[in-house]
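[1] A predicted structure for the sequence below; I have some questions about it.
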Amino acid sequence: MKKIKKEIDTKLVKSVNKNVRSSVRKLKPILKSIVGKKVDIAIRDLSFSDKRISKDVKKTISSAVSNAENNYQYDIDNLIVKEAYCGKQVIMKRFRARAKGRASQIIKPYSNVTIILTEKIKQTESHGSKG
């Protein structure tokens, strides 16, 4: 029996942006679109996105890149987005005056955005015989 040993990837860089003024529902498609891409391609895609919130996501990625460069001395060209997820934060509740003395509720949700980058290591292929 062969035992396969999993390597623990220690080259992780994290950046968290708290209190982003958007709902989780609007953030998730943007974050799913950048996972697995190289950092420069992800930033380019977010620059040309029509969504308002993509500017805050781009800022979070740039923060993670500068963390990787300054704190861990990683090469920026090899960085890829390993994980990107969001979570709920506070919900501000406001009221809007309506007809006949009534009021309707306005919900203003906030979110947390977490981006985890990793350094892609080039794998060498062995073209030897089975053995």
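    Structure received.

[2] what's the distance between residue 48 and residue 107?
    Look at residue 48 and residue 107: by C-beta to C-beta, to the nearest Å, they are 30 Å apart. Quick note: C-beta positions are derived from backbone N, CA and C, even for glycine.

[3] which residues touch the top strand by length along the chain?
    What stands out as the longest strand in the chain, according to DSSP state E, is strand 79-97. Here strand 79-97 makes contact (C-beta atoms under 8 Å, 6 or more residues apart in numbering) with 12-13, 18-20, 24, 27-28, 31-32, 34-39, 42, 57, 61, 65, 68, 103-120.

[4] which parts of the chain are strands?
    Here the chain has its strands, by DSSP E, at 12-20, 79-97, 103-119.

[5] in JSON lines: those strands, plus mean pLDDT, mean neighbour count and distance to residue 73.
    As requested, those are exported to JSON lines (pLDDT from 0 to 100; neighbours: other C-beta atoms under 10 Å; distance: least, C-beta to C-beta, whole Å):
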{"stretch": "strand 12-20", "mean pLDDT": "91", "mean neighbour count": "16", "distance to residue 73": "11"}
{"stretch": "strand 79-97", "mean pLDDT": "93", "mean neighbour count": "14", "distance to residue 73": "12"}
{"stretch": "strand 103-119", "mean pLDDT": "94", "mean neighbour count": "16", "distance to residue 73": "10"}
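
[6] distance check, the residue located most distally from the centre of the chain against residue 27.
    Most distant from the centre of the chain: residue 100, at 45.3 Å, with distances by C-alpha atoms, centre = their mean. The gap separating residue 100 from residue 27 is 37 Å, by C-beta to C-beta.

[7] longest single helix anywhere in the protein?
    Counting residues, the longest helix found in the chain (DSSP state H) is helix 54-72.

[8] who's residue 79 bridged to?
    Residue 79 forms beta bridges with residue 119, as assigned by DSSP bridges.

[9] looks like residue 42 contacts residue 61 (just checking).
    Yes: counting by C-beta atoms under 8 Å, residue 42 touches residue 61, with 6.0 Å between them.

[10] between these two, what contacts are shared?
    Listed as contacting both residue 42 and residue 61 by C-beta under 8 Å, 6+ apart are 34, 81.

[11] list the residues that contact residue 121.
    Neighbouring residues of residue 121 by C-beta under 8 Å, 6+ apart: 11, 78.
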